[in-house]
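Trainee: Using only what follows, build the 3D model:
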Amino acid sequence: MPRSASPDSSERSQLLQEIAQLELELARLSDPARGVHQHSPGGGGTEGSVRRVGGARGVNGVEESEVVLDRILDAAKDGGQGFGRTDDDAEGSKGSKRARQMVEENAELTGIRIERASTKLVSSSRSSQIRLHTLSGHAHAAPLPPISFELELHVREPPADPDERYKPGRDPGREYAIEQMDSRVEGGSQELQNALQTLQPDTPPDPPAFFALLRQYSLLAAHRSQLFARLTKALPEFAQGVSGLGEGGQAELTFAGQSVRSPVLTFSSRIAPSSSPLPILRSAQPVEPHLSLAAIPPPPGLSAKARYALEAIPAQFERMLKDGCEAQAAVEAVVRAVFEGGK
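Mentor: As a prediction, the model looks like this:
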């Protein structure tokens, strides 16, 4: 089954460093004097905080942090007040506003909004440490409901000991490696779950491919919903209604005439993993639409010529799409030809 191309190690390292930098910056915004809020192991931490559990680092004392982006960024509306900033800290307030604007613009552009980020130190040794990074949020393309997600990344990082991290000849920026990626998605449909299976756990973890797949699926699913709505409005006398996603993973819109001997046309739309043989194209478009139009034969008694014409509809529809005809125009043309005799 086709897979999205995996980024090279430098791209993964850059992504991890950006995530870590974002977490540090958000923690700093939540309490610029210390960079963190501390809570006892039994106490409940507040949103937008960094929690240290056990009062130490490493396996016996696990460090855990959690930031809620919406709460911190909402503070930027008030110039950063409420998070330790003062009226004199104009530059810090501008930074908060820029951060909020960047997050909102990114969410508007991609349809993906990260609402919560957390990190937990799983293990630590002299040579390296393993940290669990968790990102959660939703992907949204109107008019469909949002698709929520949670992405967990087990990352091997440079050691915490500064003497080890920065000893001569060592470049800690090259030592970040994603060793495991797990995802949970709620919403969408079975076809989305099938597409997510292309991100096999035994392949190199690929967070950009995960977000690209979510974004592309959301856009295609929204476009399908809008297409069905336009066809229903354009062909009200023939449209019979939309059926939900069945076992085959496709949504269907049926058309029929007024006569009991009228054939029934079924327009199907399925979103499936890209079939492109080129990794770069699969990376840019990890899922793609598969459209079909077919006729359910009417009761016996139809002439051989009419039956042949109905059986030829799938190939004719596919040829129209390959010739550049838009899906809506192609469906309308075939439906009117069948039920109006081409008038």
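Trainee: Mind telling me what element the residue lying closest to L132 once chain neighbours are set aside is part of?
Mentor: Residue nearest to L132 in three dimensions, not counting chain neighbours: K120, with 4.5 Å by C-beta to C-beta, 6 or more residues apart in numbering. Glycine gets a C-beta too; all of them are placed from N, C-alpha and C. Assessed by DSSP states H and E, K120 sits inside strand 112-124.
Trainee: Identify the neighbouring strands of that strand in the sheet and state each direction.
Mentor: Here strand 112-124 has these sheet partners by DSSP bridges: strand 63-68 (antiparallel), strand 129-139 (antiparallel).
Trainee: Check what contacts the longest one and list those residues.
Mentor: Which is strand 129-139. Here strand 129-139 makes contact (C-beta atoms under 8 Å, 6 or more residues apart in numbering) with 16, 19, 23, 58, 111-124, 146-160, 179, 187, 214-215, 217-218.
Trainee: Next, the angle from the following helix or strand past that strand to strand 129-139.
Mentor: The element immediately downstream of strand 129-139 (helix or strand, assigned by DSSP H and E) is strand 147-157. Here strand 147-157 points in a direction 160 degrees away from that of strand 129-139 (axes from the mean of the first three to the mean of the last three C-alpha atoms, to 10 degrees).
Trainee: mind saving the C-alpha coords of strand 147-157 as PDB?
Mentor: Extracted in PDB, the C-alpha atoms of strand 147-157 (Å, rounded to 0.1, in the frame of the first residue of the first chain):
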ATOM      1  CA  ILE A 147     -11.800  15.600  13.600                       C
ATOM      2  CA  SER A 148      -9.900  15.400  17.000                       C
ATOM      3  CA  PHE A 149      -6.500  13.900  17.200                       C
ATOM      4  CA  GLU A 150      -3.800  13.100  19.700                       C
ATOM      5  CA  LEU A 151      -0.200  12.400  18.600                       C
ATOM      6  CA  GLU A 152       2.400  10.900  20.800                       C
ATOM      7  CA  LEU A 153       6.100  11.000  19.900                       C
ATOM      8  CA  HIS A 154       8.700   9.000  21.900                       C
ATOM      9  CA  VAL A 155      11.900  11.000  21.300                       C
ATOM     10  CA  ARG A 156      15.500  10.200  22.100                       C
ATOM     11  CA  GLU A 157      17.200  13.400  23.100                       C
END
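Trainee: Flag every buried residue along it.
Mentor: I147, S148, F149, L151, E152, L153, H154, V155, R156, E157 (16 or more other C-beta atoms under 10 Å).
Trainee: Poorly predicted segments of the stretch 201-343 of the chain, please.
Mentor: 201-202, 244-250, 278-283, 298-299, 342-343 (pLDDT under 70).
Trainee: switch the cut-off to 80
Mentor: Along the stretch 201-343 of the chain, segments meeting pLDDT under 80 span 201-203, 244-250, 260-261, 275-285, 297-302, 341-343.
Trainee: any chance you could map the helices in it?
Mentor: 207-234, 279-284, 304-311, 313-322, 327-340 (DSSP state H, counting those that start in this stretch).
Trainee: can you redo the ones you listed as TSV with distance to A294 and mean neighbour count?
Mentor: Below are these laid out as TSV (distance: least, C-beta to C-beta, whole Å; neighbours: other C-beta atoms under 10 Å):
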stretch	distance to A294	mean neighbour count
helix 207-234	15	19
helix 279-284	28	16
helix 304-311	9	12
helix 313-322	5	14
helix 327-340	10	18
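Trainee: Mean confidence (pLDDT) on the strand holding K120, please.
Mentor: On average, the pLDDT along strand 112-124 is 89.
Trainee: Now do the strands in the stretch 151-300 of the chain.
Mentor: Taking DSSP state E, counting those that start in this stretch to define them, one finds strands in the stretch 151-300 of the chain at 177-186, 239-243, 250-256, 264-273, 287-296.
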